[in-house]
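Chemist: got a structure for you, letters missing:
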């Protein structure tokens, strides 16, 4: 339990009602990887971005609906599939009965992620950065080691 009286699961997620609220507190909405929503399958939804995006949209519509006097329907998650990159120009995609891998899945991953960005400018900028990194083999990762690079005093 916590200060709001919400029930937590073993992983510390808040157990939510079918409308993503806390039992006894319809004014508190919990979404994303903080929420344990297990009303559809009996198992909590995974803590991934597609779940959080759908829950966020539902929560916004529910709040607007309540302000206009409408009773919300329960949240219903629609699995749109899974995408994962596994290497350079390699990925896997699972869209229900459709399973693809390799370069086609990687291009699908690239397209889907670009389309979720807001605005043409952002999409173009990210695409150019990705293309540059791909062509130059630049991984773009930075490690924080705690050691400073000091110039030699020789």
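Modeler: Looks like it arrived, so ask away. Not measured: the values here are computed from a predicted model.
Chemist: just checking, what packs against whatever helix or strand residue 64 lives in?
Modeler: Secondary structure from DSSP states H and E places residue 64 in helix 49-67. The contact analysis (3 or more Cβ pairs under 8 Å, 6 or more residues apart in numbering; DSSP states H and E) places helix 49-67 against strand 25-29. (C-beta placed from N, C-alpha, C; glycine too.)
Chemist: what about the helix holding residue 64, average pLDDT?
Modeler: For helix 49-67, the mean pLDDT works out to 95.
Chemist: what's next to that helix, contact-wise?
Modeler: 19-20, 29, 31-33, 35, 37, 45, 71-72, 75, 77-80 (Cβ atoms under 8 Å, 6 or more residues apart in numbering).
Chemist: Off-centre distance for it?
Modeler: 14 Å (Cα atoms, centre = their mean, to the nearest Å).
Chemist: For the next helix or strand after that helix, name the packing helices and strands.
Modeler: Beyond helix 49-67 on the C-terminal side, the first helix or strand identified by DSSP H and E is strand 82-87. Counting contacts by 3+ Cβ pairs under 8 Å, 6+ apart, strand 82-87 packs against strand 90-95, helix 103-115.
Chemist: Strand 82-87 pairs with which strands, parallel or anti?
Modeler: Partners of strand 82-87 in the sheet, by DSSP bridges, are strand 90-95 (antiparallel).
Chemist: before we move on, the earlier item: so which of the contacts of helix 49-67 is the closest to residue 117?
Modeler: Comparing those against residue 117 with Cβ to Cβ places residue 80 closest, at 16.9 Å.
Chemist: count of residues packed around the closest one?
Modeler: 12 (other Cβ atoms under 10 Å).
Chemist: ok, now residue 131?
Modeler: Neighbour count for residue 131, taken as other Cβ under 10 Å: 11.
Chemist: list the contacts for it?
Modeler: No contacts exist for residue 131 under Cβ under 8 Å, 6+ apart.
Chemist: Looks to me like it is in a strand.
Modeler: No: Residue 131 is assigned helix when assessed by DSSP: H, G, I helix; E, B strand; the rest coil, not a strand.
Chemist: and stretch 80-91, how far apart are its ends?
Modeler: 17 Å (Cα to Cα, to the nearest Å).
Chemist: buried residues in that stretch?
Modeler: For stretch 80-91, burial by neighbour count (16 or more other Cβ atoms under 10 Å) applies to 83, 91.
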